[in-house]
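Asker: next input, structure requested:
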Amino acid sequence: VQGTAGKLNPTDTITRAEFAQVMSNLVSEYDQAAGTVEGNVVLRSSSTLTGTVIQGDLIVAEGAGEVTLDGVRVQGRILVRGGTAVTLQNETSAATILLNGAGAGLTVGRGCTVETITVAKEVQNAAIQVDGTVEQITTAASGTAVTGNGSVTYVQVQAGAEGVTVSTEETRITVAQDAG
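Answerer: Modelled structure (predicted):
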């Protein structure tokens, strides 16, 4: 952002072009990043990301379609917008995955690890298939289904979430008093 006449003018209204520049500066890489990426990555369309270390957040844009993370390590968060199916495979790992938006789905494949998955209220009927290892899933969304042969230590169902099903073995489940 250059400002006007060499001045930043922080109290002035920001233009669309200036906002676009700010966003471009925030996101270091788009689609098909490889190796180690310092900063955030945005995936905007169906794609497979292989053998990448992301030292920031991975943002899967709304309507991106099917996204596969193959041997990817995300040191920040994975933010999944609506209309997207994300598959983790071949020892992909992440500390936090946020499913946020209608139609988001997630598969955690064998050998993959995730510390925390959070499902926002807007993600009605979220399908989470776990064949790897997940420490905790917290859902505020009605109709969330947690299935698979993997390990899920703990599922927390928040108030207002109705019709949540959990079929993974040996999973501890806590249901808020106002959950359905």
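Asker: please enumerate the helices of this protein.
Answerer: Listed in chain order, the helices found in the chain under DSSP state H are 16-26.
Asker: quick one: least confident helix or strand in it?
Answerer: In the chain, no helix or strand scores lower on mean pLDDT, DSSP states H and E than strand 27-30, which sits at a mean of 47.
Asker: wait, isn't Thr153 in contact with Gln136?
Answerer: Yes. Here Thr153 reaches Gln136: they are 6.4 Å apart, a contact under CB atoms under 8 Å. Every C-beta, even on glycine, is put in place using the N, C-alpha and C of the backbone.
Asker: excluding sequence neighbours, find me the nearest residue to Gly76.
Answerer: Asp57 (4.0 Å; CB to CB, 6 or more residues apart in numbering).
Asker: verify the stated contact: the one you found with Arg77.
Answerer: Yes. Asp57 lies in contact with Arg77 (CB under 8 Å); the separation is 4.9 Å.
Asker: got the contact list for the residue nearest to Gly76?
Answerer: Residues in contact with Asp57 (CB atoms under 8 Å, 6 or more residues apart in numbering) are 40-41, 74, 76-79.
Asker: what does Asn90 give?
Answerer: By CB under 8 Å, 6+ apart, the contact list for Asn90 reads 70-71, 109, 111-112.
Asker: what bits of the chain have low per-residue confidence?
Answerer: Under the criterion pLDDT under 70, the flagged ranges of the chain are 1-10, 17-34, 180.
Asker: how near is Thr138 to Asn40?
Answerer: Going from Thr138 to Asn40 by CB to CB, to the nearest Å gives 23 Å.
Asker: more crowded one of these two?
Answerer: Neighbours were counted for Thr138 and for Asn40 using other CB atoms under 10 Å; Asn40 has more, 20 against 17.
Asker: excluding covalently adjacent residues, which one is nearest to that one?
Answerer: Using CB to CB, 6+ apart and skipping the chain neighbours, the partner closest in space to Asn40 is Gly56 (4.2 Å).
Asker: where's that neighbour relative to Ala94, distance?
Answerer: Gly56 sits 12 Å away from Ala94, going by CB to CB.
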